[in-house]
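Colleague: okay, structure incoming, though there's no sequence with it:
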Ligand code: BGC
């Protein structure tokens, strides 16, 4: 485990001031409480190095002084849930970005990236303790979603001639894998190095109604080019269905900074899967051209969100699966830009679909980091995925996983700035 938040942040700042990154990493691996003398010695060395450093570090130092952050305390994430221990893990890269992840639900809690002025900005909505996530009226903040992300009609599907009944939790439908989906379980967390975290979960045969023991590994990697890469890997011992995603709620102007309606979005998708009033796909694949769902050219989220188009009525805004024109580990499928910070997020995915959700059901019900409410449309999600309700839609790409085969897919959220 890492040291407590204050100690960690203090040395993290020092590392940037001094560029003595290796010293900082060495410190992080030590237990500060039992190594007081080493700690003091290290402080002296780093502080001296800092004082000796020339003025060309001032820009970085300034950016850290202005970090737009709510300081999280890892202790507030240390609980026992379902007999397993939860924790907060911190990933950092050489450019100063930082990602904080809890193994409760495999959730991205905070993601700090630089804005156009070099200020580190937390672009992910979340809570400042694990209890906040557990008791939230909206269960999916930052979470790893499974076994089957998005909606499945009427809690049923047929596989190999067997009809399975799965737990419904969205009216008559199943949303994001049932009531106790992967967002609500404790994963085994293993921090591989300072920028990589592996999470593991064994989803038991018939959990939430799905057949087969599913062995799942999710790896978060914060790369030096400010890309957060999420790799998914799963195997099964019986034929089953799998569709994993991440449900980070982003606000590229900074979490709790207000409306996302002036963010600009571009999605490289000429088609989408229209839905009925319960947000289940009709089975058709239609063109976005000529509709307010067309984001093939950059447009603000708010420009057409109040349009009377029936699909926007069904979703109460954008809540639609886009059929990506191309999808591969090196394909940018969508780009979102924060109007105030200039923070640009490019999304790369191997998945064929992308759910763009504009936070329509956010209702100020939850108190988030720093005491802010999760007001209507103050964050959005971009969930890479196979299409919703795939097991019941023969024309959609299959999400069946068989024993001996491996489910493997990657999604990357890469951050840069537009000046
Ligand atoms: C769905 C929304 C839902 C939200 C819940 C999104 O993936 O598309 O309809 O309200 O998740 O968090």
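Modeller: Yep, that arrived. Small disclaimer: the values here were computed from a predicted structure and weren't measured. Residues are numbered from 1 along each chain as shown.
Colleague: chain center to stretch 240-247, what's the gap?
Modeller: Centroid separation for stretch 240-247 versus its chain: 13 Å, with C-alpha atoms, centre = their mean, to the nearest Å.
Colleague: pLDDT of it, averaged?
Modeller: For stretch 240-247, the mean pLDDT works out to 98.
Colleague: and residue 308, how many neighbours does it have?
Modeller: Counted with other C-beta atoms under 10 Å, residues neighbouring residue 308 total 7. Where C-beta positions appear, they are placed from N, C-alpha and C, glycine not excepted.
Colleague: quick check: which ranges of the protein have low pLDDT?
Modeller: For the chain, the stretches flagged by pLDDT under 70 are 1-69.
Colleague: so which bits of it are right by the ligand?
Modeller: Selection of the chain residues close to the ligand by C-beta under 6 Å from any ligand atom yields 138, 140, 279, 319, 355, 357, 361, 381, 383.
Colleague: give me that answer again for 5 Å
Modeller: Applying C-beta under 5 Å from any ligand atom, we find that the chain lies next to the ligand at 140, 319, 357, 361.
Colleague: what about those residues, which are in strands?
Modeller: In strands, defined here by DSSP state E, the members of the residues of the chain next to the ligand are 319, 357.
Colleague: what's around residue 291, how many residues?
Modeller: Neighbour count of residue 291, defined by other C-beta under 10 Å: 16.
Colleague: tell me the contacts of it?
Modeller: The contact partners of residue 291, by C-beta atoms under 8 Å, 6 or more residues apart in numbering, come to 309, 311.
Colleague: any idea how far it lies from residue 126?
Modeller: 33 Å (C-beta to C-beta, to the nearest Å).
Colleague: this protein: helices as residue ranges?
Modeller: In the chain, helices defined by DSSP state H lie at 5-18, 21-29, 36-52, 58-65, 130-135, 310-315, listed in chain order.
Colleague: nearest the geometric middle of this structure, what residue?
Modeller: residue 248 (3.2 Å; C-alpha atoms, centre = their mean).
Colleague: how many neighbours does whatever residue of the stretch 51-200 of the chain ends up closest to the ligand have?
Modeller: Closest to the ligand within the stretch 51-200 of the chain is residue 140: 4.1 Å, counting by C-beta to the nearest ligand atom. By other C-beta under 10 Å, the residues close to residue 140 number 25.
Colleague: now it. Nearest residue, chain neighbours left out?
Modeller: Spatially, and ignoring its direct neighbours in sequence, residue 140 is nearest to residue 247 (4.1 Å; C-beta to C-beta, 6 or more residues apart in numbering).
Colleague: so the one you found touches residue 141, yeah?
Modeller: Yes - counting by C-beta atoms under 8 Å, residue 141 is a contact partner of residue 247 at 7.2 Å.
Colleague: residue 416 and residue 338 touch, don't they?
Modeller: No - the criterion here is C-beta under 8 Å, and residue 416 misses it with residue 338 at 11.6 Å.
Colleague: give the residues shared as contacts by the two.
Modeller: Counting by C-beta under 8 Å, 6+ apart, the contacts common to residue 416 and residue 338 are residue 344.
Colleague: who has more neighbours, the two?
Modeller: Remark: of residue 416 and residue 338, residue 338 carries more neighbours, 25 against 17, as counted by other C-beta under 10 Å.
Colleague: count the neighbours of the nearest residue to the more buried one once chain neighbours are set aside for me.
Modeller: In this structure, residue 338 finds its nearest non-sequential neighbour in residue 252, 2.9 Å apart by C-beta to C-beta, 6+ apart. For residue 252, the neighbour count with other C-beta under 10 Å is 27.
Colleague: go on, residue 82?
Modeller: 10.
Colleague: give the contact list for it.
Modeller: By C-beta under 8 Å, 6+ apart, the contact list for residue 82 reads 185, 186.
Colleague: just the buried subset of the residues of the chain next to the ligand, please.
Modeller: Buried residues within those, counting neighbours by 16 or more other C-beta atoms under 10 Å: 140, 319, 357.
Colleague: what residues are bridge-paired with the last one?
Modeller: Right, the one you point to is residue 357. Applying DSSP bridges to residue 357 gives these bridge partners: residue 319, residue 381.
Colleague: residue 385 is in contact with that one, correct?
Modeller: No - taking C-beta under 8 Å as the definition, residue 357 is not a contact partner of residue 385, at 11.2 Å.
Colleague: what's the neighbour count on the residue nearest to residue 140?
Modeller: With other C-beta under 10 Å as criterion, residue 247 counts 25.
Colleague: kindly provide the distance from it to residue 382.
Modeller: As judged by C-beta to C-beta, residue 247 and residue 382 stand 10 Å apart.
Colleague: next one: residue 325
Modeller: Counting by C-beta to C-beta, the gap from residue 325 to residue 382 is 16 Å.
Colleague: more neighbours, the two?
Modeller: Remark: of residue 325 and residue 382, residue 382 carries more neighbours, 25 against 13, as counted by other C-beta under 10 Å.
Colleague: and the closest residue to residue 306 other than its chain neighbours, how far from the ligand?
Modeller: Leaving out its chain neighbours, the residue that sits closest to residue 306 by C-beta to C-beta, 6+ apart is residue 312, at 7.9 Å. Separation of residue 312 from the ligand (C-beta to the nearest ligand atom, to the nearest Å) stands at 13 Å.
Colleague: report the contact partners of residue 312.
Modeller: Under the criterion of C-beta under 8 Å, 6+ apart, the contact list for residue 312 reads 292, 293, 304, 305, 306, 318.
Colleague: how many other residues sit next to the closest residue to residue 388 other than its chain neighbours?
Modeller: Leaving aside its sequence neighbours, residue 388 sits nearest to residue 150 (C-beta to C-beta, 6+ apart; 3.8 Å). Using other C-beta under 10 Å, residue 150 has 26 other residues around it.
Colleague: ok, which stretches of the stretch 251-400 of the chain are strands?
Modeller: Ranges of strands within the stretch 251-400 of the chain are 264-267, 271-273, 286-287, 299-300, 319-323, 328-337, 343-349, 353-357, 381-385, 400-401, based on DSSP state E, counting those that start in this stretch.
Colleague: before I go, just wanted to say thanks for your time.
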